[in-house]
Every structure is written in structure tokens, then in C-alpha cells.
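# Give me the fold of what follows.
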Amino acid sequence: MSEWNDERLVRAALSQVCGPGTPRLARMVAEHGVEEVWCRVRAGEGEPGWSLRAAMCEPERIAAQAEQHGIRFVIPGDAEWPSELGVLETPQATVAGMGGLPVGLWALGPASLADVGRRGVAIVGARAATRYGELVAQELAAELHGFTVVSGGAYGIDSAAHRGAMEVGGATLGVYAQGLDLVYPQGNWRMYQRLCAEHVVVSEAPPGVPPTKHAFLARNRLIAALARGSIVVEAAIRSGARNTANWAGLMGRVVMAVPGPVTSAASVTPNRLIRDGEAALVSSAEDVLALLADLGTVGETPSCAAPQPFDLLTPEQQAVHEALPVRGGRTVAELAPLSGLSMPKLHSALVALELLGLAQQVADGWRLVRQVAAPGKVR
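Purely as a prediction, here's the structure:
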């Protein structure tokens, strides 16, 4: 459990008094330190309402309530603090007036937050998801072996992503907008209990604080920051998932989207993200792994079936296979026009061919490992 020294108690108080995602608080803490900021807030400096709430705040009571529910308070400098949140210290990292490094994170569950960001992939989307969207989210989460699936615990896509990871024994993290002694939404009570018992949930809100619209938007920056990439599966034209994608793009994370029917309101946001070049199109875990491989975040390669004959490859894989030389190598820039594929699809096909033992990366690009060529093929 947490060691409640003066700094931790002050940070706990600030998390209750000032609320989440407040750039002004983050700037004050960076400039003056939390204890000086606490004195200034109590003296009336800061946003309207801070000093009034500070006068009524009892840090020791917050700590006792957390201890009662087994909730720990993780702060910068702790071994469990996720280093990936450092991106939020950049002054430019704001969306819709929100931003800033949290003063601390309330966590519940056996998994360590420090391990999440290194292998995190966010899967987000509509609460009112279609069956198609839920199936895609669940399958993606189940097939992202070795990664932690990060999502927001809501109905629809979030729930499907968490379930997909848990059903195959994978890791998952729930990022919430309320105090972790409260369950929201109530209909996800069983899933929440399992996340707390087997994985980890996290929030900027101290115990007893209910969710607000502001808190939901603020927590989206945590979802984006705690993941190496974010996948939007389904989302309407205005949605929290679109907000998460905005945060991910601002932070330089990989933004991905699953295409959907043009007739579906639930697919408006992912389709537009792809159309406007703000997200890479993904339709499988293989696509996701290929995009994250460029960042050096893919460790062990998922197991796959034995190599298949050339005529059983997908059309994209066949096109890339045809473009690969037997000797020497070709760069992805050279392979793109030869195969006629976009960069995301080209990377995905190259990774698939490598897994099948048909291609390998060499010093000057990519080449065939063994040739299963169509008759008359000339290199």
C-alpha cells in the first residue's frame, strides 16, 4: 500500500480539490512543487473554487478511505509511476483546454502501472457499438499477444476489448473517470471486479468522487499516453474515442482505425480518420503489430501456422512477394510503387511474409528467403 508521507498527502488533496487535466495546476506544480502549491491554493491562488474546496479537504481522510478499499496512490518518483506519462509535461500537450501531468494516479489491482506503457495498445470506441464493432474489438484484443490492452471500461467497444484480452489470459488496464471505490457503469460490475482482482484499474479521481463529463475527457489523455498506439474501432462523429485519437496524434503515438460500412453512423469517425490521413487503416492484429514494429515495440513474434504455398497468400502478400528480389534487397520506398500498396498495408504484408519464412530484412532492405514463385517470374 501507499506510504503516506507529506508529499503524498498533499498530492492526494490536490487531486480532490483541483480535479483532473488542469494545465494550470500542472504548471504550478512544475514551477513551485506540490507543497508550495498547496499553500498557495489554500491562500486563494488558482482556479475559482479551489480555495473553498481546499478549506474543506482532509487529506488524511482521503488516505484512510483509499486504504479501506485497497486503493494505492502512485506519484512521480515511485517505482510504479509510468514513465510514458512524461509526454504530458510538454506545455503544448493540450486538447480543448485540458492537459498536464497528473499529480498522482489512484490504482487498484495486482498489475504494475510501470509495465503497461511499454507494451500498451489502446482500443477505444462507441458505447452504442454494433455487433460488428464488438467482434472486431474483441478479436483484436485477443490476438495482440504480449501487449496490454488499454481501454476505458465503458459499454460497447471498451468492454469488448477488455473481455477479449481476459478471455485469452492477456493483460488489460482500465482507465476510469471516477473514484475506484465506485463502479461506473453499474452494468459492468462483474467485469470491473475481475479487472481489479486480476489486472489493474487506474483513475485521477480519489475515492468517493463520481464521474463527470470533464473527467471523461481528461482521462482520454491518460489512455493515449499509456499506450504505444490507439485503435478507434467504432465512433460517431462526436465521441470520446475521437478525443482519444486527437490526444494520441498530438503525443506522436500511432493512431489506427478500423474501417466500417459507409452507411453506419458508428463508423463515421474511423472512416474519416482514415480518409484524412490521421489514422492508419487496420483490419487485423497483424496490421497493428506491423505498425508498432516500426517503433521497435514488438518483442516475441506471435506463433503462426506453417508456411503456406504462394497461391494461398492474400492478394497484398502476393503483390509484395512478387516485388521482392532473390538477391540483394529492396527498401520499403522501392517496394511501395512495385506492389501498389500503401505503407501500412506494405508493412503488414512484409511482417506476414517474414513470419511465414518467405521474406527477411537485410542491410539494404527486404528480400526473399525462399522462392515460391509463379511460373515465368523474372527477378
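# Tell me who's in contact with Leu173.
Residues counted as contacts of Leu173 (C-beta atoms under 8 Å, 6 or more residues apart in numbering) are 111, 113, 116, 120, 148-151, 199-202, 226. Where you see a C-beta, it was placed from the backbone N, CA and C, and this is true even at glycine.
# Dump the C-alpha coordinates for stretch 145-152 into PDB.
C-alpha atoms of stretch 145-152 as PDB (Å, rounded to 0.1, in the frame of the first residue of the first chain):
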ATOM      1  CA  HIS A 145      -0.200 -11.300 -27.700                       C
ATOM      2  CA  GLY A 146       2.300  -9.700 -25.400                       C
ATOM      3  CA  PHE A 147       0.600  -6.300 -25.300                       C
ATOM      4  CA  THR A 148      -1.500  -4.700 -22.600                       C
ATOM      5  CA  VAL A 149      -4.900  -3.700 -23.900                       C
ATOM      6  CA  VAL A 150      -5.800  -0.300 -22.500                       C
ATOM      7  CA  SER A 151      -9.400   0.900 -22.600                       C
ATOM      8  CA  GLY A 152     -12.000   2.900 -20.600                       C
END
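# what comes up buried for the strand or helix carrying Glu354?
Under the criterion of DSSP states H and E, Glu354 resides in helix 343-355. Buried residues in helix 343-355, defined by neighbour count with 16 or more other C-beta atoms under 10 Å: Pro344, Lys345, Leu346, His347, Ser348, Ala349, Leu350, Val351, Ala352, Leu353, Glu354, Leu355.
# which ones are touching the closest residue to Gly86 other than its chain neighbours?
Spatial nearest neighbour of Gly86, chain neighbours left out: Leu101 (7.7 Å); criterion: C-beta to C-beta, 6 or more residues apart in numbering. Shown in contact with Leu101 (C-beta under 8 Å, 6+ apart): Ala26, Val29, Ala30, Pro76, Leu85, Gly86, Leu88, Glu89.
# Kindly reformat these as TSV containing distance to Pro59.
Shown next, in TSV, are the contacts of Leu101 (distance: C-beta to C-beta, whole Å):
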residue	distance to Pro59
Ala26	19
Val29	16
Ala30	21
Pro76	18
Leu85	22
Gly86	26
Leu88	24
Glu89	24
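# separation between the residue lying closest to Ala215 once chain neighbours are set aside and Leu135?
In space, and not counting its chain neighbours, Ala215 is closest to Ala177: 3.9 Å by C-beta to C-beta, 6+ apart. From Ala177 over to Leu135 the distance is 26 Å, taken as C-beta to C-beta, to the nearest Å.
# out of these two, which sits in the busier spot?
Here Ala177 and Leu135 are compared on neighbour count by other C-beta atoms under 10 Å; more neighbours surround Ala177, at 26 against 14.
# That one and Gly153, how far apart?
For Ala177, the distance to Gly153 equals 9 Å [C-beta to C-beta].
# Which neighbours do those two have in common?
Taking C-beta under 8 Å, 6+ apart as the criterion, Ala177 and Gly153 both touch Tyr184.
# Could you list which of the contacts of Leu101 belong to helices?
Among those, the members found in helices (DSSP state H) are Ala26, Val29, Ala30.
# list the contacts for the second one?
By C-beta under 8 Å, 6+ apart, Val29 lies in contact with Leu14, Val37, Leu101, Val103.
# now with 10 Å?
The contact partners of Val29, by C-beta atoms under 10 Å, 6 or more residues apart in numbering, come to 10-11, 14, 18, 35-38, 76, 100-103.
# can you tell me which of these are in helices?
Cross-referencing those against helices under DSSP H gives Val10, Arg11, Leu14, Glu35, Glu36, Val37, Trp38.
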